[in-house]
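*Asks:* Here's a sequence, model it:
(2 chains)
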Amino acid sequence: MSKILQSLPMTVVAGVVLTIIMVFATNQLENMNQSDAEKAASELMKKMN
Amino acid sequence: MEDFILFLVRYLHVLCGVMWIGILWYFNFVQIPSMPKIPDDQKPAISKVIAPEALFWFRWGAAGTVLFGLILAHLNGYLGDALLLKRPDIGFGMWFGLIMAFNVWFVIWPAQKIALGLVEADADAKPAAGRRAMLFSRTNTLLSIPMLFSMISAQNPTGF
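*Replies:* Residues are numbered from 1 along each chain as shown, chains lettered A, B, ... in the order given. As a prediction, this is how the structure comes out:
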């Protein structure tokens, strides 16, 4: 890790890679949260019926 | 009135953030790479005058950014959700920013005080402190890239 940080270009590349990982993680978490909301809506519908 | 307060807090958050990240990038993109090219007799101009002044605005810029950022998130009602990553679009950026601010106040600033001779320390401690400050400053430069992506994309109506 310190080898990457000693080089400014490598640091920037690592920052871009981390950004891409973050984008995928964000999408995954948003999908999970959306599923939870859908489950809650489904439960509510059952109770109403 | 509420809209104006939201705008004002966001404006102060961005102003402090520009101060903080601007100086962080100055250190990493300009000052650190230029130091080996500066003659030894001129180096005190950087280490005794410019760096201590820059570090003052750097650390208080970081504090202001976090303070106004947390107030803004609270006023908008997503502080808890963001910190728990129930709002990951802004949550990742908040966590990266918090880690970066912690590094500024509790690693970089104490190490720079030793490296620049602002506090008394053994001669052996200075190079180690300088290296520690540089590596954590680089860590913050790395984290600033996804942090800014997260902050900007969360404000973009269509995300990224």
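
*Asks:* excluding its backbone neighbours, what's nearest the residue in chain A that chain B sits nearest to?
*Replies:* Minimum separation of chain A from chain B (C-beta to the nearest C-beta) falls at A:G15, amounting to 3.1 Å. (C-beta placed from N, C-alpha, C; glycine too.) Once its chain neighbours are removed from consideration, A:G15 has its nearest residue in B:I145; the separation is 3.1 Å (C-beta to C-beta, 6 or more residues apart in numbering or on different chains).

*Asks:* Which helix in the chain has the most residues?
*Replies:* Since no chain was named, I'll use chain A. Using DSSP state H to define each element, chain A has its longest helix at helix A:8-48.

*Asks:* ah, I was thinking of chain B
*Replies:* Secondary structure of chain B per DSSP H: the longest helix is helix B:125-155.

*Asks:* which helices and strands sit right next to that helix?
*Replies:* Under the contact criterion of 3 or more C-beta pairs under 8 Å, 6 or more residues apart in numbering or on different chains; DSSP states H and E, the helices and strands touching helix B:125-155 comprise helix A:2-6, helix A:8-48, helix B:2-26, helix B:88-103, helix B:109-115.

*Asks:* if I read this right, A:A14 contacts A:Q6, doesn't it?
*Replies:* No. Taking C-beta atoms under 8 Å as the contact criterion, A:A14 and A:Q6 are not neighbours in contact, 11.7 Å apart.

*Asks:* Between these two, which is the more surrounded one?
*Replies:* Using other C-beta atoms under 10 Å in any protein chain shown, the more surrounded residue of A:A14 and A:Q6 is A:A14, with 20 against 13.

*Asks:* Contacts only, for that one.
*Replies:* For A:A14, the residues meeting the contact criterion (C-beta atoms under 8 Å, 6 or more residues apart in numbering or on different chains) are A:I4, B:L142.

*Asks:* Flag every residue of chain B that's near chain A.
*Replies:* Proximity of chain B to chain A (C-beta under 8 Å from any C-beta of the partner chain) is limited to residues B:28-29, B:32-33, B:85-86, B:88-89, B:92, B:135, B:138-139, B:141-146, B:149-150, B:160.

*Asks:* go with 7 Å
*Replies:* Taking C-beta under 7 Å from any C-beta of the partner chain as the criterion, chain B approaches chain A at residues B:28, B:33, B:85-86, B:88-89, B:92, B:135, B:138-139, B:141-142, B:145-146, B:149-150, B:160.
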